[in-house]
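Asks: from the sequence below, what's the structure:
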Amino acid sequence: MVSLAWDPLVWPFATLSPMAKRTLHLLLFGAALWPASGLLTAQQLPRGQNVVEVPAIGDGLCLASVFQAHMVVQRDQPLAVWGWAAPGEEVTVTFNGREARATAGEDRAWRLELEGSPMSREPLVLQARTASALVQLADILVGDVWVLGGQSNMEFELEKVENGPLEIVAANYPGLRILTVPYAEGSELRRSFPRLHEWSDWFGRHFRKGHWDRCTPEIARELSAIGYAFARRVHMASGVPIGVIDASRGGTTAETWTPYEVLQTLDRAPVNAALEGWAQRVAEWDPAADLERRSAEARAKGEPLPTDLRPGPSADPNHPGSQFASMVGPLLGLRVKGVLFHQGYNNALDGERGVQLYAEVFPALVRAWRSALGDPALPFGILSLCTDGPPQTRDDVLEKMYDAGVSIRAIHYRTFLDGWRAGDRGLGYASTFDLRRAWYHPQVKLPAGERIARWALATLYGFERELAWRPPALLEHMNEEGAVRLVFDTEVSDPQGGAMVGFTIAGDDRRFQPAEAQYVEVGKDDRGRPKLDQRQLRLTSPLVAAPRHFRYAWARNPLANVQATGNKDLPLATQRSDDWGLGEFPLAEEEAARSEPLARGAALKALRAEDLRRRLAEARALLEQHGEQLPR
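Replies: Have a look, this model is predicted:
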């Protein structure tokens with residue numbers, strides 16, 4: 001029997017009446033499409049369970065789940081299509097006047113490639129057929145496809161952010177299409193995913209995943225807020241259909257988003273140690289012993305006994321390479337316009353070891369994603385680590401500097417800067433630390449998405465004259481008598497016209513102190529007044545006689561306000577000139593010969609003492625200024 005499929009359902013076409021066939025044809029090829037109101041409601045979904053609507057791989061002729069009605073395919077690039085059919089069966093795929101054929105292997109898998117198509121805002125149909133079956137996917141647009149990667153701050157959905165409800169009620173964009181990849185794990189490279197309503201124990205609700213949908217208020221509310229703000233801006237400015245594929249997952253590390261084979265080739269001590277640790281945990285896992293332990297706990301509580309043997313560490317979402325294989329894997333072969341990546345929180349939980357690991361892994365992650373997605377120069381937008389915890393103040397500047405997260409943030413900027421200086425014009429960057437809230441999921445996401453959209457619009461969509469996106473770049477760092485001088489490629493200032501804060505300086509004793517930042521005088525004007533170069537800053541502190549190094553915005557929620565001058569919304573990025581680890585500052589005078597870093601408790605105690613020493617010194621100076629004295 002010949003059957004006709006309109007994703008995701010299959011009809012026995014030959015059994016339909018002529019009127020039904022005509023009606024179905026209009027639905028398939030006309031402008032009218034299934035409305036979002038056909039989605040399942042929460043009341044129809046069983047709590048605590050995933051509800052699979054379409055399996056990852058179906059029976060008979062089927063396409064990988066990334067190919068669906070309502071999708072966007074990448075313009076001006078070859079279109080790879082893959083799926084499954086009966087072994088030895090020939091499959092023909094046509095799209096927009098292009099056609100290609102492939103033969104299914106013994107494993108049922110087939111793959112082919114069609115010639116690329118130019119941009120099309122008009123709905124097109126992709127057809128796959130064999131001698132016995134026909135699948136047609138309607139309402140496909142040709143535009144640009146962007147992939148979102150990272151952890152929960154990328155995943156954080158629109159309905160939870162500040163001004164999210166305002167965006168949701170206005171989210172009617174037929175040319176913007178959305179797909180969220182379901183959670184998965186494991187080392188095997190997956191080629192497809194199910195379409196389902198995925199249960200979340202964390203939120204106690206279901207999330208619709210695995211479906212390509214047109215952007216409506218009902219659909220947009222569950223999309224990444226950063227991804228939505230980015231896509232909306234790019235779509236509105238360019239007029240190009242935009243597809244957003246969200247492949248992010250909360251609580252994940254950089255190494256799980258990096259192919260395992262790539263991690264093995266790095267051959268760096270921090271990476272080798274992490275891989276060896278995981279290998280040992282996998283080898284030591286005893287599923288039978290785990291079942292017995294859980295059974296004993298269930299008996300003690302009077303609960304039903306478990307019967308399942310759990311896979312253990314090998315199925316942990318953070319096993320190296322796991323999320324790349326299971327969540328990015330189903331996208332490999334699909335051409336895309338670019339990637340946005342926002343991650344780092346979980347690596348910071350491992351302190352200095354996490355920082356050292358991240359410094360090796362993150363640049364490799366960028367290279368690996370580009371290579372796997374078919375373009376070593378693929379546009380890759382980096383959003384730096386966001387804020388967490390109470391804000392840094394002048395009273396606790398040094399104590400708040402002890403934080404692995406800020407080093408992760410600095411690695412994000414360094415990766416971008418190193419690439420940019422090497423001529424890599426495909427890298428993008430946006431700071432998020434000034435979009436601050438005390439929660440580790442700061443809800444100020446829309447401005448972050450719009451910042452990275454400026455990069456894309458300026459570099460890829462022809463708006464380079466209208467939009468600035470690169471943060472001020474440090475050109476030179478010089479040590480002078482009693483000061484550190486910084487030279488930037490653009491003028492910098494506090495956008496409110498106040499004092500510039502966020503810099504700290506230290507000498508060889510590694511005892512940082514907040515620095516006063518002043519513009520450098522470069523001469524006199526014709527009236528004898530000083531001429532100040534707003535591209536140069538002189539950093540000084542009365543407590544640092546011979547400064548050698550500086551840091552800027554060095555806290556998880558930093559006291560920092562320097563931006564490119566002129567209403568550009570371009571914060572100076574988190575950065576430093578030293579390479580000292582978490583326990584290597586301050587280096588007290590009596591510990592000059594110390595070789596081992598201080599433990600966290602000892603380091604924080606020393607930093608609090610330094611904060612107190614500065615506050616007392618500042619109090620004495622203020623009292624003496626007014627003819628008073630503070631006992632020493």
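Asks: can you show me the CA trace of the helix or strand hosting Gln127 as CSV?
Replies: Secondary structure from DSSP states H and E places Gln127 in strand 120-129. Once non-C-alpha atoms are left out, strand 120-129 reads as follows in CSV (Å, rounded to 0.1, in the frame of the first residue of the first chain):
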residue,chain,number,x,y,z
SER,A,120,12.7,31.4,0.9
ARG,A,121,10.0,32.9,3.1
GLU,A,122,7.4,30.9,1.1
PRO,A,123,6.5,27.5,2.6
LEU,A,124,8.1,24.6,0.8
VAL,A,125,7.6,20.9,0.9
LEU,A,126,10.3,18.2,1.4
GLN,A,127,9.3,14.8,0.0
ALA,A,128,10.9,11.4,0.6
ARG,A,129,9.6,8.4,-1.2
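Asks: now the helices: where do they sit in the stretch 151-300 of the chain?
Replies: Secondary structure of the stretch 151-300 of the chain (DSSP state H, counting those that start in this stretch): helices at 152-155, 164-169, 217-220, 225-238, 260-266, 269-284, 287-301.
Asks: which residues does the second one contact?
Replies: For helix 164-169, the external contacting residues (Cβ atoms under 8 Å, 6 or more residues apart in numbering) are Glu157, Leu158, Glu159, Pro217, Ala220, Arg221, Ala225, Tyr228, Ala229, Arg232, Gln443, Leu446. For glycine as for every other residue, the C-beta is placed from the backbone atoms N, C-alpha and C.
Asks: these two touch, right, the first one and Ile226?
Replies: The one in question is Glu157. No: assessed by Cβ atoms under 8 Å, Glu157 is found out of contact with Ile226, at 10.1 Å.
Asks: between those two, who's got more neighbours?
Replies: The neighbour comparison of Glu157 against Ile226 (other Cβ atoms under 10 Å) goes to Ile226, with 33 against 20.
Asks: surely Pro241 meets Val72?
Replies: Yes: at 5.2 Å, Pro241 and Val72 qualify as touching, with contact defined as Cβ under 8 Å.
Asks: identify the contacts common to the two.
Replies: Residues touching both Pro241 and Val72 (Cβ under 8 Å, 6+ apart) are Leu141, Val142, Gly143, Asp144, Arg177.
Asks: mind putting these in TSV, secondary structure included?
Replies: Shown next, in TSV, are the shared contacts of Pro241 and Val72 (DSSP: H, G, I helix; E, B strand; the rest coil):
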residue	secondary structure
Leu141	strand
Val142	strand
Gly143	strand
Asp144	strand
Arg177	strand
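Asks: redo these as JSON lines? Include pLDDT and distance to Glu466.
Replies: Output for the shared contacts of Pro241 and Val72, formatted as JSON lines (pLDDT from 0 to 100; distance: Cβ to Cβ, whole Å):
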{"residue": "Leu141", "pLDDT": "98", "distance to Glu466": "26"}
{"residue": "Val142", "pLDDT": "98", "distance to Glu466": "26"}
{"residue": "Gly143", "pLDDT": "98", "distance to Glu466": "21"}
{"residue": "Asp144", "pLDDT": "98", "distance to Glu466": "19"}
{"residue": "Arg177", "pLDDT": "98", "distance to Glu466": "26"}
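Asks: put the buried members of those into a ChimeraX selection.
Replies: With 16 or more other Cβ atoms under 10 Å as the burial test, the buried ones among the shared contacts of Pro241 and Val72 are selected in ChimeraX as follows:
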select :141,142,143,144,177
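Asks: any weak-confidence spans in this structure?
Replies: Scanning the chain for pLDDT under 70 picks out the ranges 1-43, 587-595, 628-632.
Asks: if I've got this straight, Gln448 is in a helix?
Replies: That one is not Gln; residue 448 is Ala. Yes: assessed by three-state DSSP, Ala448 belongs to a helix.
Asks: count of residues packed around it?
Replies: Under the neighbour criterion other Cβ under 10 Å, Ala448 is assigned a count of 26.
Asks: what's the spacing between the residue nearest to it when sequence neighbours are not counted and Asn96?
Replies: Excluding the flanking residues, the one nearest Ala448 by Cβ to Cβ, 6 or more residues apart in numbering is Thr432, at 4.8 Å. Separation of Thr432 from Asn96 (Cβ to Cβ, to the nearest Å): 39 Å.
Asks: these two: which is more packed in?
Replies: More neighbours surround Thr432 than the other of Thr432 and Asn96, with 25 against 19 (other Cβ under 10 Å).
Asks: can you pull the contacts of the more buried one?
Replies: Counting by Cβ under 8 Å, 6+ apart, Thr432 touches His342, Leu383, Ser384, Leu385, Cys386, Thr387, Pro442, Ala448, Arg451.
Asks: do the same with Arg249
Replies: Applying Cβ under 8 Å, 6+ apart to Arg249 gives the contacts Gln151, Ser152, Glu155, Tyr183, Pro317, Gln323, Met327.
Asks: pull out the buried positions in the helix ranked longest in the chain.
Replies: Counting by DSSP state H, the longest helix found in the chain is helix 600-625. Residues of helix 600-625 classed as buried by neighbour count (16+ other Cβ under 10 Å): Ala603, Ala606, Leu607, Glu610, Asp611, Arg614.
Asks: okay if I get those as TSV plus distance to Leu486?
Replies: Shown next, in TSV, are these (distance: Cβ to Cβ, whole Å):
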residue	distance to Leu486
Ala603	27
Ala606	27
Leu607	24
Glu610	23
Asp611	24
Arg614	22
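Asks: now for those residues: which two are most distant?
Replies: With Cβ to Cβ as the measure, no two of the buried residues of helix 600-625 lie farther apart than Ala603 and Arg614, at 16.7 Å.
Asks: so what pairs up with the nearest residue to Pro174 once chain neighbours are set aside in the strands?
Replies: The shortest distance from Pro174 to any non-neighbouring residue, by Cβ to Cβ, 6+ apart, is to Arg214 (5.6 Å). Beta bridges link Arg214 to Arg177, judged by DSSP bridges.
Asks: so Arg214 touches Arg177, yeah?
Replies: Yes: using Cβ under 8 Å, Arg214 is in contact with Arg177, at 6.0 Å.
Asks: what is in contact with those two at once?
Replies: Common contacts of Arg214 and Arg177 (Cβ under 8 Å, 6+ apart): His70.
Asks: can I have the buried ones of the contacts of helix 164-169 as a PyMOL selection?
Replies: Listed next is the PyMOL selection for buried residues among the contacts of helix 164-169, using 16+ other Cβ under 10 Å:
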select buried, resi 157+158+217+220+221+225+228+229+232+446
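Asks: just put the contacts of helix 164-169 in a markdown table and tack on distance to Gly116.
Replies: Below are those laid out as a markdown table (distance: Cβ to Cβ, whole Å):
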| residue | distance to Gly116 |
| --- | --- |
| Glu157 | 33 |
| Leu158 | 32 |
| Glu159 | 36 |
| Pro217 | 33 |
| Ala220 | 29 |
| Arg221 | 33 |
| Ala225 | 31 |
| Tyr228 | 27 |
| Ala229 | 28 |
| Arg232 | 26 |
| Gln443 | 40 |
| Leu446 | 33 |
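Asks: thinking again about what came up before, which elements pack onto the longest helix of the chain?
Replies: Helices and strands touching helix 600-625, by 3 or more Cβ pairs under 8 Å, 6 or more residues apart in numbering; DSSP states H and E, are helix 397-401, strand 513-514.
Asks: helix or strand for the residue of the chain most remote from its centre, which one?
Replies: Farthest-out residue of the chain from its mean C-alpha position, per Cα atoms, centre = their mean: Gly627, at 55.0 Å. Assigning secondary structure by DSSP H and E places Gly627 outside every helix and strand.
Asks: who does the residue positioned nearest the centre of the chain form a beta bridge with?
Replies: The geometric centre of the chain, computed from its C-alpha atoms, lies nearest to His342 (Cα atoms, centre = their mean), at 2.1 Å. Applying DSSP bridges to His342 gives these bridge partners: Gly150.
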